[in-house]
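> Whatever this is, show me its structure:
(chains A, B, C and D)
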There are 4 protein chains.
Amino acid sequence: MKLYDEDDATAIGMEIKILSKPELKDPVLISGLPGSGYVAKLGIEHLAKGLNSELFAVIYSSSFPPQVMTKADGSTELMKHELHYWKNPEGGSDLILYTGDAQPVTPEAEYEFADRVLELSSSLGAKNVYTLAAYITGNFVEHPKVFGTATDKETAQMLSSMGVNLMTEGAITGMNGLLIGIAKIKNMKGVCLLGETSGYMVDPKAAQAVLESLSKILGIKVDLTTLEQRAKESEAILKNLEEMKRTGERAGRQPGKDLGYIS
Amino acid sequence: MKLYDEDDATAIGMEIKILSKPELKDPVLISGLPGSGYVAKLGIEHLAKGLNSELFAVIYSSSFPPQVMTKADGSTELMKHELHYWKNPEGGSDLILYTGDAQPVTPEAEYEFADRVLELSSSLGAKNVYTLAAYITGNFVEHPKVFGTATDKETAQMLSSMGVNLMTEGAITGMNGLLIGIAKIKNMKGVCLLGETSGYMVDPKAAQAVLESLSKILGIKVDLTTLEQRAKESEAILKNLEEMKRTGERAGRQPGKDLGYIS
Amino acid sequence: MKLYDEDDATAIGMEIKILSKPELKDPVLISGLPGSGYVAKLGIEHLAKGLNSELFAVIYSSSFPPQVMTKADGSTELMKHELHYWKNPEGGSDLILYTGDAQPVTPEAEYEFADRVLELSSSLGAKNVYTLAAYITGNFVEHPKVFGTATDKETAQMLSSMGVNLMTEGAITGMNGLLIGIAKIKNMKGVCLLGETSGYMVDPKAAQAVLESLSKILGIKVDLTTLEQRAKESEAILKNLEEMKRTGERAGRQPGKDLGYIS
Amino acid sequence: MKLYDEDDATAIGMEIKILSKPELKDPVLISGLPGSGYVAKLGIEHLAKGLNSELFAVIYSSSFPPQVMTKADGSTELMKHELHYWKNPEGGSDLILYTGDAQPVTPEAEYEFADRVLELSSSLGAKNVYTLAAYITGNFVEHPKVFGTATDKETAQMLSSMGVNLMTEGAITGMNGLLIGIAKIKNMKGVCLLGETSGYMVDPKAAQAVLESLSKILGIKVDLTTLEQRAKESEAILKNLEEMKRTGERAGRQPGKDLGYIS
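Numbers count the residues shown, from 1 in each chain, chains lettered A, B, ... in the order given. Next comes the predicted model:
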């Protein structure tokens, strides 16, 4: 099943820039786009840097928020999504890591992004998709739980046997949900792992809990000690982004002593 | 009249998966998409299960809310619409039953869905369309009335003679209204039956009242005793869905002890 | 200038059903789509009926609000726009009258509707466009003034000499404004006549004031005595429509003893 | 990189009317679309008039707010964007000046406008893009600072050496940000200069500060003495526009003794 033809012009303005076409062995797509608590994005960014993964595709789109982000060196960049690959030196599955600056702004674009990224991953051999997400409870906890769901009963049981708390009702919104839903109708298998979080702040602990489950399930070793530090560094910019998304304002917010707005 | 050409790519991302193309005798399309009180959806789901109808088409679309729903067995599925058919063993009209997880998110998509489902039904021989809907009064009543309207005066008079309260002003919004409006300009006949409901809760009584009118008009026997039970079972998940639609939030709500939000 | 090619599929779902292609003499397009106080719509409807004009085109579109309207005879119809023509028996300009149930729901669709209706009118020979509109002051007045603007200075001076109060700043929003703005870049001449109104209610007096100016400018005799009566008859349904537009709710409102909502 | 093909129909309704195709020497695109404090628009308008620049392209689009603006002479015009060129008599870089009545209403249209205006400028030889913007602080200051960012580190350092305060975090929203972000992926160089402003009023002082920096960087002489006067003249109409944008109302506001609304 494909919601969009490969040959067709995209319904949305979107350009997938392929930097290199890696040869991968049984790759697993792991996605973590920004959402509540930046749990998913923190997780993938840590994975991408911790594993020394290689950037191989960049996506630009007119469905991203209409803005540019300023970096610490005074330079500025357009919003984008990125795909990295990682070759497993121990012979297990290779990985495709997918994250980006923001989720697309319309439901239609979220579907099309999920569809196209799955097509690209499938063309590289991927049959399995893991997405990270946040499970918001409104409470602060010392040791966040990991919740999960899968696109088939058997995988759901496997998750349960690995210590993941199975979800049995509720919805998972945004691309971290859509990616596994669309994977299913493409005959791929999908799993979503959700880290318990308050929903009130950037949450590196929830990201860490999710990565621990993920690495256990996939049999991959990830150094998690630097995750909390990385989270702190990126907290300012992430908070900023999140607030803008919530308020829906078109004016950008410039944190700092003046709390400046820019347009 | 067709708002969209059959040959054209859809203006919206949409895939109609035809599982089988049934041979039907003078079929009547009966639609009940989710709306206030889940009156229409409850009605069609009860009809589809009570009549042992056969699923023959599934619709996926990027115009549905961007989320997946988790089921009791821990597995997850993309939002979809479904079409069932039922062969009338007593020689009367066969039925095409249409319902789904949610209405499309934009007006444009509501029109296109209505148009395409009518085209499909018409290609199977349907000339008559019944839609179920809710008539919200803000009051709780023991015995909900059934209101109705038709796309021509004669059918409206027929409804009146069957005990249906004729609407003489007001609008019917969403696909349950559009389906009969577009049916009319396609030279099909349309009827909308609306069950009186408070608007504050899932209302199996209103669904039952509407089904009683429908089965009387179409001369079909439906066992309504299990409807209230079914309503109770699905109330949790439906309520959840409805709230999300109302608030328009992108975070999914996970009912249960933690009232968790997921994204 | 054309924002859209005639050959192209519409960017929006839209069908212009031409019932007959009238031969017209120097026709003037007069438009009055629903807006504040229903001043414009009341005006055109009165003109269309008072002049015994002939319906020659109907427009359906997926850019209208997704709903159907119920009529007094219990039957129901899809939202639509209508074009009437009137042949001037006294040898002056013929008229094309344009109104409908609602304005399109998106800015893009408002532009495309204005563009296409102007193309159609131009193909029938129209070089001049008048639109009616409301000039909201928040105050109730006994004798509403008429304000006006034109797409060129000379016509603006002509309006002033006919007793119209010239606007010299501010914006006119919606299709009643766009129609003259786009007319200008198509080398047609445009005039907008705005009736002073409180903005709080359907205002037949403002419609009457605008029609008086219009008939004086165009040299057409219109019987205005029945306008107030017609306004009263349609006030219930119009109010209803207006409220729905303001609240943006998807549930239709059913006025009457129950104040029912329908969906 | 191009988000849109030149051959393709625009995804949005858009017409670029080329009045003349100037021969330019190493032209620099300078953009200032309306935003907070009208800093950017005031700046470009002053530049365009002060330099006696020549209008060479007009853009109409169905992605502009659906309204027309009334002018002091009683006439009315559709919303538009304009491109002027200026030939540098002293042998330095020529200029392309870009401004307009309003930013497009959707994110998708903002991206497409930025993309197409860059393509047009590039086809005239432009390799460098400067955009003006507002840096909102919420405070009133006597001498507004100028902030800046560039699409590469070296240019950012150059800005810093010219007395511009380098931004090191935050987002720049709307087309004044997108133009430099998309310029970068087209291998053009981009700079954004932001004038410190309260955000509460039209701010000619901020525009003046930004123009001083710009003229210093580009080595162009601009007479800034008349800027404050021009700002006063246009303040009424600009304020009006800004309020409409903020409230998102469809009714236009007519300033004056009646505070009339028009639709």
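
> ok, which stretches of chain A are helices?
Using DSSP state H, the helices of chain A run over residues A:39-50, A:107-123, A:153-161, A:175-185, A:204-218, A:227-247.

> The ones you listed into JSON lines, with extra columns for mean neighbour count, distance to residue A:89 and mean pLDDT?
Quick note: C-beta positions are derived from backbone N, CA and C, even for glycine. Below are these laid out as JSON lines (neighbours: other Cβ atoms under 10 Å in any protein chain shown; distance: least, Cβ to Cβ, whole Å; pLDDT from 0 to 100):
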{"stretch": "helix A:39-50", "mean neighbour count": "25", "distance to residue A:89": "14", "mean pLDDT": "92"}
{"stretch": "helix A:107-123", "mean neighbour count": "23", "distance to residue A:89": "21", "mean pLDDT": "96"}
{"stretch": "helix A:153-161", "mean neighbour count": "16", "distance to residue A:89": "25", "mean pLDDT": "96"}
{"stretch": "helix A:175-185", "mean neighbour count": "27", "distance to residue A:89": "27", "mean pLDDT": "96"}
{"stretch": "helix A:204-218", "mean neighbour count": "22", "distance to residue A:89": "14", "mean pLDDT": "94"}
{"stretch": "helix A:227-247", "mean neighbour count": "15", "distance to residue A:89": "21", "mean pLDDT": "57"}
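
> Need those in JSON lines (columns: distance to chain C).
Listed next are the helices of chain A as JSON lines, based on distance: least, Cβ to the nearest Cβ, whole Å:
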{"stretch": "helix A:39-50", "distance to chain C": "31"}
{"stretch": "helix A:107-123", "distance to chain C": "14"}
{"stretch": "helix A:153-161", "distance to chain C": "35"}
{"stretch": "helix A:175-185", "distance to chain C": "23"}
{"stretch": "helix A:204-218", "distance to chain C": "35"}
{"stretch": "helix A:227-247", "distance to chain C": "19"}
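
> Which of the ones you listed sits closest to chain D?
helix A:227-247 (6.1 Å; Cβ to the nearest Cβ).

> hang on, the earlier thing: figure out which of the helices of chain A is closest to residue B:125.
helix A:175-185 (28.8 Å; Cβ to Cβ).

> check whether that closest one contacts chain B.
Yes: Helix A:175-185 is in contact with chain B by Cβ under 8 Å from any Cβ of the partner chain, via A:175, A:176, A:177, A:178, A:180, A:181, A:182, A:184, A:185.

> what does stretch A:199-214 give?
Yes: counting by Cβ under 8 Å from any Cβ, chain B is contacted by stretch A:199-214 at residue A:199.

> What is the distance between that stretch and the centre of its chain?
On the basis of Cα atoms, centre = their mean, to the nearest Å, stretch A:199-214 is displaced by 12 Å from the centre of the chain it belongs to.

> CA atoms of it as PDB?
Included here for stretch A:199-214 are C-alpha records, laid out as PDB according to Å, rounded to 0.1, in the frame of the first residue of the first chain:
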ATOM      1  CA  GLY A 199       5.100  16.400  29.900                       C
ATOM      2  CA  TYR A 200       6.300  19.600  31.600                       C
ATOM      3  CA  MET A 201      10.000  19.600  30.600                       C
ATOM      4  CA  VAL A 202      12.700  18.200  28.400                       C
ATOM      5  CA  ASP A 203      13.200  14.700  29.900                       C
ATOM      6  CA  PRO A 204      16.600  13.000  29.400                       C
ATOM      7  CA  LYS A 205      15.700  10.300  32.000                       C
ATOM      8  CA  ALA A 206      12.700   9.200  29.900                       C
ATOM      9  CA  ALA A 207      14.900   9.100  26.800                       C
ATOM     10  CA  GLN A 208      17.400   7.000  28.700                       C
ATOM     11  CA  ALA A 209      14.800   4.500  29.800                       C
ATOM     12  CA  VAL A 210      13.600   4.200  26.300                       C
ATOM     13  CA  LEU A 211      17.100   3.700  24.900                       C
ATOM     14  CA  GLU A 212      17.800   1.000  27.500                       C
ATOM     15  CA  SER A 213      14.700  -1.000  26.400                       C
ATOM     16  CA  LEU A 214      15.600  -0.500  22.700                       C
END
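
> Contacts (any at all) between chain D and that stretch?
No: for stretch A:199-214 and chain D, the contact criterion (Cβ under 8 Å from any Cβ) is not met; the two come no nearer than 15.1 Å.

> still on that earlier bit, tell me which of the helices of chain A lies nearest to residue C:171.
Closest among those, using Cβ to Cβ: helix A:227-247, at 26.0 Å.

> out of the helices of chain A, nearest to residue D:131?
Once these are compared by Cβ to Cβ, helix A:227-247 is nearest, at 19.3 Å.

> quick one on the thing from earlier: quick one: closest of the helices of chain A to residue B:22.
Taking the helices of chain A one by one with Cβ to Cβ, helix A:175-185 is closest: 22.3 Å.

> Test my guess that residue A:175 contacts residue B:66.
Yes: at 7.4 Å, residue A:175 counts as touching residue B:66 under the criterion of Cβ atoms under 8 Å.

> circling back to that earlier point, farthest pair in the residues of helix A:175-185 next to chain B?
Farthest pair in the residues of helix A:175-185 next to chain B, by Cβ to Cβ: A:176 and A:185, 16.9 Å.

> I'd like to know how far residue A:70 sits from chain B.
In this view, residue A:70 and chain B are 26 Å apart by Cβ to the nearest Cβ, to the nearest Å.
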